[in-house]
Structure formats: C-alpha cells, structure tokens
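K.L.:
sequence? don't have it. structure:
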C-alpha cells in the first residue's frame, strides 16, 4: 500500500515538466530529474557530484545504448517496473543496467532471460 503511494507520487514527478537533467541520446532528448537518477544509480550519483549543482539544466550524453533501452531504464527508475523488456532489447538493457550499476534492473533482465530458457533452447 505505502509502496504504491510512493510510486504514484514518483510517477507524478516523472509526468511534470520541471526537469533538472537533460539526457542526450543519439537523435533525441529525454528530460529527467537529477535526484531520481542519482538515487537509482551510483554512477549517476558520482557524475552529479562532479557537475555544478547550481547548473539547472545539466546535460548527460549517453551514446553507447539504444534510446529505447535508456527510456526503459528511466521508466524503471520512476515506476519500479519494467514493462517493455523483450527478446530484442534485453541484451542492450542488461548492458546499460550493468554500466550504470542498476542491480534491480539487471535482476529483471536475468529473470526475463531465465524464463525463456527451455530444453529446446539449450539443446537437450
């Protein structure tokens, strides 16, 4: 119950247009909240410690992951859920979760992959 209330509040933050961080991808821009990114990833936390805290619209460039995977990771930060994991994006999603040290998201990827394992798949 309490968890759901907190997640609803965080989701409302996500939907508001007051952002403090601009995430630059290959060909698109995503806006996010510095506190949400830092809370979910020690890599982002260390990155923000190096950025001037008075700078309102800090920019982060992520060029080594697909925009889809970055969006899924950010949605996970705000909602605690992974709705868009699939066989086509799980590898990239796992890689970005590993790079940014997002252990719960890595677990979700591992769980998804383990659910796809069958005797036919491994050759028995």
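P.N.:
Cool, the structure landed. What you see is a predicted model; the values in this text were computed from it and never measured. Numbering: from 1, shown residues only.

K.L.:
show me where the protein has strands.
P.N.:
Counting by DSSP state E, one finds strands in the chain at the ranges 21-24, 29-32, 58-61.

K.L.:
could you tell me the least trusted of these?
P.N.:
Of all these, the minimum mean pLDDT falls on strand 21-24 (a mean of 79).

K.L.:
nearest spatial neighbour of the most centrally placed residue in the chain, skipping sequence neighbours?
P.N.:
The C-alpha lying nearest the average C-alpha coordinate of the chain belongs to residue 73 (C-alpha atoms, centre = their mean; 1.9 Å). Distances taken as C-beta to C-beta, 6 or more residues apart in numbering place residue 96 nearest to residue 73, at 5.7 Å, with adjacent residues excluded. Where C-beta positions appear, they are placed from N, C-alpha and C, glycine not excepted.

K.L.:
repeat for residue 93
P.N.:
Among residues not flanking residue 93 along the chain, residue 69 sits closest, at 4.8 Å (C-beta to C-beta, 6+ apart).

K.L.:
neighbours of the one you found, how many?
P.N.:
By other C-beta atoms under 10 Å, the residues close to residue 69 number 23.

K.L.:
and what of residue 1?
P.N.:
The burial count for residue 1: 5, using other C-beta under 10 Å.
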